[in-house]
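**Q** 3D model of this:
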Amino acid sequence: MLDSLQSDLKASMLAKDSARTLVLRSAITAYRNEAVAKGMGPQGVLSDAEALAVLKRLIKSREDSVEQFTKAGRSDKAEQEAAEIGILKTYLPAMLEGEALENAVKAAIAETGAQTKKDTGKVMKALQVTHGGNYDGKTANQIVQSILS
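**A** Model (predicted):
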């Protein structure tokens, strides 16, 4: 992941794409900060799961910013944050969405034998084990809630 970010950073710098360069620099910094936090030092290499977690945190932070800027009437800033989200999402694996996510949720419900909304945690845990982080948890939770109502 780090190699990909660094090579793309170099390409964006050569292309004088300042917006992309800024986003990639922040992603590399977050990656290195996570490596330091895990005791590996700034040159440490994170596992794929840890690197994806870093990217997801960056995306989540920007999604929150978009929401706040939209509420404050700052559409220019909201659009900038949304563009940064688009850049970061290119580094995430393909996500389960729509019908595929719904089918995965139904399979997890069947696997766990969930009957009521109280079983939501079991279903979400089964989804996590089966599909890792390749789905939007909020959307999956909404699907679980609608099925188990």
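**Q** Ser65 versus the residue lying farthest from the centre of the chain, what's the distance?
**A** No residue in the chain sits farther from the centre than Gln115, which is 29.1 Å out by Cα atoms, centre = their mean. Between Gln115 and Ser65 the distance is 39 Å, computed by Cβ to Cβ, to the nearest Å. C-betas here are computed from N, CA, C, even on glycine.
**Q** Neighbours of Ser65, how many?
**A** Neighbour count of Ser65, defined by other Cβ atoms under 10 Å: 18.
**Q** for Lys106, that is, sorry about that
**A** Using other Cβ under 10 Å, Lys106 has 14 neighbouring residues.
**Q** Which of the helices or strands spans it?
**A** Using DSSP states H and E, Lys106 maps to helix 98-112.
**Q** To which secondary structure element type does the residue farthest from the centre of the chain belong?
**A** Here Gln115 is recorded as coil under DSSP: H, G, I helix; E, B strand; the rest coil.
**Q** Check whether it really touches Leu148, as I assumed.
**A** Yes - Gln115 is within contact range of Leu148, at 7.3 Å (criterion: Cβ atoms under 8 Å).
**Q** still on that earlier bit, look up phi and psi at the residue farthest from the centre of the chain.
**A** Main-chain dihedrals, Gln115, degrees, to the nearest 10: phi -120, psi -40.
**Q** For the helix holding Lys106, name the packing helices and strands.
**A** Here helix 98-112 touches helix 120-131, helix 137-147, going by 3 or more Cβ pairs under 8 Å, 6 or more residues apart in numbering; DSSP states H and E.
**Q** Burial-wise, tell me which of those comes out on top.
**A** Among those, helix 120-131 has the highest mean neighbour count (mean count of other Cβ atoms under 10 Å), at a mean of 17.
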